[in-house]
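[1] Need the 3D shape of this:
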Amino acid sequence: MRFYQLQTLPYESGNTECFWFTNRAEAEREKRRLEEGGADCFSIRAFDIPTTKTGLLNWLNNYGNPDGMGFN
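    Below you'll find the predicted structure:
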């Protein structure tokens, strides 16, 4: 299952936002909207997320962390 991730760069507070989309076009629209509002964003990343229990657990162990997906 493919999902697209969009993350904003952290500001003074050190906080970042992470958004997930089911298609690239929606992610690109949101990125443009955020950047027009003054936010800085990382590039959109595509993730192929497994749908089996074992595959999903392995994926989470590699990519998941308390601060948001994709920072590992």
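
[2] While we're on the residue nearest to Asp40 when sequence neighbours are not counted, how confident is the model there?
    Leaving aside its sequence neighbours, Asp40 sits nearest to Leu9 (C-beta to C-beta, 6 or more residues apart in numbering; 4.1 Å). Every residue, glycine included, has its C-beta placed from N, CA and C. You'll see Leu9 listed with a pLDDT of 84.

[3] backbone phi and psi for Thr8, please?
    phi -90, psi 150 (degrees, to the nearest 10).

[4] Contact partners for it?
    Thr16, Glu17, Cys18, Leu34, Ala39, Asp40, Cys41, Phe42 (C-beta atoms under 8 Å, 6 or more residues apart in numbering).

[5] Doesn't the first one belong to a helix?
    No - the assignment for Thr16 (DSSP: H, G, I helix; E, B strand; the rest coil) gives coil, which keeps it out of a helix.

[6] What helix or strand is the residue nearest to it when sequence neighbours are not counted located in?
    Residue nearest to Thr16 in three dimensions, not counting chain neighbours: Pro10, with 4.5 Å by C-beta to C-beta, 6+ apart. Pro10 belongs to no helix or strand when elements are defined using DSSP states H and E.

[7] What number of residues are in the vicinity of Pro10?
    12 (other C-beta atoms under 10 Å).

[8] and Phe3, what is it in contact with?
    By C-beta under 8 Å, 6+ apart, Phe3 lies in contact with Trp20, Phe21, Thr22, Ala46, Phe47, Ile49.

[9] Using the three-state scheme, assign the fourth one.
    Look at Ala46: counting by three-state DSSP, its state is strand.
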